[in-house]
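Peer 1: sequence and predicted model, in that order:
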Amino acid sequence: MAPKISSQQLRVLHDRAHKNFDTLCYELGYPGRLMVIGMSEDGKHMVQVYGVTSRSPDNQNRRLKEVKGTVSTVPANAATFTGDPEFVLYDAMMGNDHLHCVSNGKQTRDAWDGMRKGGDLISTLAMWHQEDDSNDTPRITGACEHITGGTKFSLAMLRGSRWGAGCERLQWIYENMPDGLGMFLSTYSGDGKPLPPFVGEPWLMPLTGDINHVAGAYEGALDDEWPNFVALAVKFIPLNGGTSIVVTRNKYPEVC
């Protein structure tokens with residue numbers, strides 16, 4: 001159930017969300033991998049958006065593919081794929097019933113399994129750290145839960161410590177978000193060498209219209225502005241317990 005909020009307060013939130021969307025489109029630079037979790041505009045679905053951008057030609061040779069509710073990164077052309085499967089091939093979205101998780105790596109299953117057993121999101125990632133690459137790429141993970149009394153949305157980031165060795169473990173939890181709004185998190189906050197990690201609080205973002213409208217908006221933002229766009233998936237999770245709907249948009253066709 002959505003929280004009680006005045007129409008004026010809601011307008012302010014939506015204005016802020018659309019300004020943040022413009023920043024995503026025109027000012028962020030290079031986001032890496034990104035996610036938005038929140039509520040559909042009609043208030044009937046929890047929503048997950050997952051986007052993949054990549055500067056490496058090896059890592060651009062990927063697609064997002066949905067099979068029986070699980071969305072995974074797979075090679076677009078397996079014959080020419082040379083990326084590191086440890087980091088770039090993984091289940092990005094999985095879940096059923098009341099719990100659905102999304103992440104930018106192989107931690108997705110640990111998050112889902114651990115939360116099904118009663119853990120909170122950050123505790124399920126205790127054995128994980130930032131990725132072991134030249135950028136200390138953060139691991140970002142999200143969870144949508146339909147709980148007694150409403151909805152609960154969690155975001156977590158594991159990023160390299162600003163003091164050298166170690167890992168910073170961050171979690172944000174949002175209960176009963178307003179309809180048509182979500183929270184955004186990305187691996188990077190722009191371009192550079194090394195790439196700078198996302199810092200600060202997650203951003204409020206719009207989730208306007210049906211699943212195809214949401215997919216079109218975020219695909220347009222990524223594909224139009226960034227030549228590094230690879231793929232996008234949007235998942236609508238009905239609160240009434242029905243089957244989730246997934247839409248994927250990919251830059252490259254699958255080559256069999």
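Peer 2: Here it is on my side, so go on. Numbers count the residues shown, from 1 in each chain.

Peer 1: now do the contacts for the spatially closest residue to R33 that is not a sequence neighbour.
Peer 2: Nearest residue to R33, sequence neighbours excluded (CB to CB, 6 or more residues apart in numbering): N104, at 4.0 Å. Glycine gets a C-beta too; all of them are placed from N, C-alpha and C. Residues in contact with N104 (CB atoms under 8 Å, 6 or more residues apart in numbering) are 32-33, 35, 50, 90, 92, 139-141, 187.

Peer 1: from K44, how far off is N104?
Peer 2: Distance of N104 to K44, computed by CB to CB, to the nearest Å: 27 Å.

Peer 1: before we move on, which element is the most centrally placed residue in the chain in?
Peer 2: For the chain, M35 is the residue whose C-alpha lies nearest the centre (CA atoms, centre = their mean; 2.0 Å). In this assignment (DSSP states H and E), M35 forms part of strand 33-39.

Peer 1: all strands of the stretch 1-150 of the chain, in order?
Peer 2: Using DSSP state E, counting those that start in this stretch, the strands assigned to the stretch 1-150 of the chain run over residues 33-39, 45-53, 62-67, 70-75, 91-96, 99-103, 139-147, 150-160.

Peer 1: please convert those strands to JSON lines, extending it with mean pLDDT and distance to P197.
Peer 2: Output for the strands of the stretch 1-150 of the chain, formatted as JSON lines (pLDDT from 0 to 100; distance: least, CB to CB, whole Å):
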{"stretch": "strand 33-39", "mean pLDDT": "98", "distance to P197": "12"}
{"stretch": "strand 45-53", "mean pLDDT": "97", "distance to P197": "15"}
{"stretch": "strand 62-67", "mean pLDDT": "97", "distance to P197": "22"}
{"stretch": "strand 70-75", "mean pLDDT": "97", "distance to P197": "21"}
{"stretch": "strand 91-96", "mean pLDDT": "96", "distance to P197": "19"}
{"stretch": "strand 99-103", "mean pLDDT": "98", "distance to P197": "16"}
{"stretch": "strand 139-147", "mean pLDDT": "97", "distance to P197": "10"}
{"stretch": "strand 150-160", "mean pLDDT": "97", "distance to P197": "5"}
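
Peer 1: of those, which is nearest L10?
Peer 2: Nearest to L10, of all the strands of the stretch 1-150 of the chain, is strand 33-39, at 12.2 Å by CB to CB.

Peer 1: strands paired with the closest one, and their directions?
Peer 2: strand 45-53 (antiparallel), strand 181-186 (antiparallel) (DSSP bridges).

Peer 1: just to revisit the earlier point, closest to L170 among the contacts of N104?
Peer 2: Distances from L170 to the contacts of N104, taken by CB to CB, are shortest for I140, at 9.7 Å.

Peer 1: the closest one touches T108, doesn't it?
Peer 2: No. The pair I140 / T108 is not scored as a contact, 10.8 Å apart, by CB atoms under 8 Å.

Peer 1: pull stretch 174-182 out as CSV, backbone CA atoms only.
Peer 2: Output in CSV follows, covering the C-alpha atoms of stretch 174-182 (Å, rounded to 0.1, in the frame of the first residue of the first chain):
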residue,chain,number,x,y,z
TYR,A,174,12.7,2.0,1.4
GLU,A,175,9.3,0.9,2.6
ASN,A,176,6.1,1.5,0.7
MET,A,177,7.4,3.7,-2.0
PRO,A,178,5.0,6.0,-3.9
ASP,A,179,3.6,4.8,-7.2
GLY,A,180,5.5,5.7,-10.3
LEU,A,181,8.9,6.2,-8.5
GLY,A,182,12.0,4.2,-8.0
